[in-house]
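Trainee: Kindly generate the corresponding structure for this input.
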Amino acid sequence: METVKTKGQSFWEIVRFTLFALAVVIPIRIFITEPFVVSGSSMVPSFEDSNYLIVDKISYKLSDPKREDIVIFRYPNDQTKFFIKRIIGLPKETVDIKGSVVTIINGEHKNGFVLDEPYVKNTSNNTLHLQLKSGEYFVMGDNRSGSSDSRYWGPVKRDLLVGKAFLRLLPIDEIGIMPGKYEQKE
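Mentor: Reported below is the predicted structural model:
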């Protein structure tokens, strides 16, 4: 014997389904992941304008950011804007830039080590020597000649980091997990 649903029953099923979907989606969107669309060319060739990313917001609640992570953060000079860059220097390290050569000095490498940066295609000519404080990160775009980054406006504080690039969804032919990832050899 078949039961016939009334319009009222169908309506309440839709309401229940919607409430259930919202109960699942909203916490994920607020606490775990967030969409991000790349705007500009500061991360070329790793990311192009209009790349669609999913940002992992939970990792930095469980562990510290690492060198070479691609991070999305609130711009220190206008926290309504979001930027995407690569972490170059970690808290309490010294970042030394001469021309296009980036040297990191820290407790483990008192004389420093030069970053191997094969992802950088457009170099720049800078001179900078900066000691990072606790909770500060030095970030740079991969397109060094076309990036506004820590060389110009200083380090990014930990509390401004939103998360790291976890998944690239667009363009479709470049879909991948941990896009732009590069392992530094020290």
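Trainee: Which strands or helices does the lengthiest strand in the chain pack on?
Mentor: What stands out as the longest strand in the chain, according to DSSP state E, is strand 161-170. Other elements packing on strand 161-170 under the criterion 3 or more C-beta pairs under 8 Å, 6 or more residues apart in numbering; DSSP states H and E are strand 33-37, strand 52-56, helix 59-62, strand 70-74, strand 176-177. Quick note: C-beta positions are derived from backbone N, CA and C, even for glycine.
Trainee: Show me the contact partners of the fourth one.
Mentor: Outside strand 70-74, the residues that touch it by C-beta atoms under 8 Å, 6 or more residues apart in numbering are 34, 36, 43, 46-47, 53, 55, 65, 80-87, 137, 139, 156, 160-165, 179-181.
Trainee: Tell me the buried residues in it?
Mentor: 70-74 (16 or more other C-beta atoms under 10 Å).
Trainee: Now do it against strand 33-37, angle only.
Mentor: 90 degrees (axes from the mean of the first three to the mean of the last three C-alpha atoms, to 10 degrees).
Trainee: strand partners of whichever helix or strand comes after strand 70-74, parallel vs antiparallel please.
Mentor: Counting by DSSP states H and E, the next helix or strand C-terminal to strand 70-74 is strand 82-89. Strand 82-89 sits in its sheet next to strand 70-74 (antiparallel), strand 136-140 (antiparallel), going by DSSP bridges.
Trainee: mean confidence for strand 82-89?
Mentor: The average pLDDT for strand 82-89 rounds to 96.
Trainee: Check the gap between residue 122 and residue 68 for me.
Mentor: 18 Å (C-beta to C-beta, to the nearest Å).
Trainee: hang on, the earlier thing: please pick the buried ones from the contacts of strand 70-74.
Mentor: Judged by 16+ other C-beta under 10 Å, buried ones among those: 34, 36, 43, 46-47, 53, 55, 65, 82-87, 137, 139, 156, 160-165, 179-180.
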